[in-house]
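*Asks:* next one to model:
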Amino acid sequence: MITAEAVADSAVPSVPGTAVATGVPEREEPAWPWKDAPIRALVQRIHQLQAERAQAFRRLEEGHLQYLRSGPPYDFPRYRSTVHEVTQAFAAASREVLAVETELAGPRGQPLLASHVRSLQQLEQTRLATVALLQLMGAPELSGQENTLEMHQLKMKVIKTMEAISEVLQDLRFDAESAE
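*Replies:* Here you go, the predicted structure:
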């Protein structure tokens with residue numbers, strides 16, 4: 001049974017509005033640090049997030065290479081752990097990118113910049129899905145079933161996607177300078 005004392009001792013009230021009844025202040029959502037930042041700072045943050053994504057892609061590639069070199073028998077648990085860590089890094093970056101997009105589209109009234117950020121997000125999703133497919137196709141369990149033409153096409157897709165990402169980042173920077 002939950003007592004009033006237990007509710008008062010908890011860090012988060014169990015029901016919104018119980019702060020008044022219990023005397024315990026409600027926890028507020030932490031303020032988004034970029035809310036009042038200039039557009040230039042938002043664009044710089046997008047570039048920082050892109051650098052974090054690039055680092056995550058390197059960790060994913062290194063983890064895959066270590067996996068391939070580990071066997072047989074292959075060290076799948078270690079690779080799975082790397083994929084999990086990288087997935088969390090991508091998810092965190094994506095959440096923040098989407099928050100910047102929302103800020104630009106809404107309160108900042110910058111639909112062009114928001115569309116660049118949305119395009120960037122979509123391109124990164126394409127890149128991640130393509131890299132994951134490439135790694136899956138190169139898995140030792142599927143050796144002998146490799147389709148070298150398809151793998152080459154996927155590698156070219158990753159390269160073209162990375163080029164498109166660079167172009168969108170350049171457009172974002174240029175259009176942000178014009179917006180200020």
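*Asks:* please make it C-alpha for all contacts and neighbour counts, starting now.
*Replies:* Will do.
*Asks:* for this protein, what are the low-confidence residue spans?
*Replies:* 1-32, 142-146 (pLDDT under 70).
*Asks:* now do the helices in it.
*Replies:* 4-9, 18-22, 39-69, 76-105, 111-137, 148-179 (DSSP state H).
*Asks:* just want the angle from the fifth one to helix 148-179.
*Replies:* For helix 111-137 against helix 148-179, the angle between stretch directions is 160 degrees (axes from the mean of the first three to the mean of the last three CA atoms, to 10 degrees).
*Asks:* and helix 111-137, what does it pack onto?
*Replies:* helix 76-105, helix 148-179 (3 or more CA pairs under 8 Å, 6 or more residues apart in numbering; DSSP states H and E).
*Asks:* okay if I get the helices of the chain as a markdown table plus mean neighbour count and distance to residue 33?
*Replies:* Converted to a markdown table, the helices of the chain look like this (neighbours: other CA atoms under 10 Å; distance: least, CA to CA, whole Å):
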| stretch | mean neighbour count | distance to residue 33 |
| --- | --- | --- |
| helix 4-9 | 13 | 29 |
| helix 18-22 | 14 | 26 |
| helix 39-69 | 17 | 10 |
| helix 76-105 | 17 | 11 |
| helix 111-137 | 18 | 18 |
| helix 148-179 | 15 | 19 |
